[in-house]
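[1] Sequence unavailable; structure follows:
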């Protein structure tokens, strides 16, 4: 026959197993939610990229002109390009932050970095990078500074 101590130990063991299995289920659920949040963040970034490509807005030229270094004259076409570069810069910074958090993989980041390298070659981009110093993540700005030092800007943009 089984005595009370054995039954108590058996009940404790069963409770421990049930609690352990419950914790394992919670861990898998939390990991699944974390993956969903990461994917959602990246999809939001891609949505913003698509919005950028589909939009054109000239209302903010006055505000944007304040970022232009003094002493340089930019026409309305340059201001419009400057605006698009600024929006692109912000979106790519978001991709960089997702990459630095390991929320997007190396291959995905390299696609964004290729876009960054392309806009770094635009003749207005170095002025934008200088004008926005301190407005973006420091590591990202250092990354952009390195890119700018390795490839000269081109007039065609």
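    Ah, there it is. This structure is a prediction, so every number in the text was calculated from the model and none was measured. Numbers count the residues shown, from 1 in each chain.

[2] Which stretches in this protein count as strands?
    Here the chain has no strands by DSSP state E.

[3] In it, where is pLDDT below threshold?
    When residues are selected by pLDDT under 70, those of the chain lie in 1-2, 50, 52-72, 152-157.

[4] ranges for the helices of it?
    With helices called from DSSP state H, the chain shows them at 4-54, 61-65, 76-100, 106-120, 125-131, 138-150.

[5] Now render the ones you listed as TSV, adding mean neighbour count.
    Yep, even glycine has a C-beta here, placed from its N, CA and C like the rest. Formatted as TSV, those follow (neighbours: other C-beta atoms under 10 Å):
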stretch	mean neighbour count
helix 4-54	11
helix 61-65	13
helix 76-100	18
helix 106-120	15
helix 125-131	18
helix 138-150	14
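
[6] check contacts around the nearest residue to residue 143 once chain neighbours are set aside.
    With C-beta to C-beta, 6 or more residues apart in numbering as the criterion, residue 143 has its nearest non-adjacent residue at 6.9 Å, and that residue is residue 96. Going by C-beta atoms under 8 Å, 6 or more residues apart in numbering, residue 96 touches 109, 112, 137, 139-140, 143.

[7] same deal with residue 45?
    With contacts defined as C-beta under 8 Å, 6+ apart, residue 45 is in contact with 91, 94-95, 98.

[8] Which pair of those spans the longest distance?
    Pairwise distances across the contacts of residue 45 peak at 11.0 Å for 91 and 98 (criterion: C-beta to C-beta).

[9] hang on, residue 95 packs against residue 114?
    No. With contact taken as C-beta atoms under 8 Å, residue 95 and residue 114 are classed as non-touching, separated by 11.2 Å.

[10] ok, now how distant is residue 102 from residue 48?
    Taking C-beta to C-beta, to the nearest Å as the measure, residue 102 and residue 48 are separated by 20 Å.

[11] same deal with residue 97?
    Between residue 97 and residue 48 the distance, using C-beta to C-beta, works out to 13 Å.

[12] got it, and residue 88?
    Distance, residue 88 to residue 48, using C-beta to C-beta: 10 Å.

[13] do residue 114 as well
    Taken as C-beta to C-beta, the spacing of residue 114 relative to residue 48 amounts to 18 Å.
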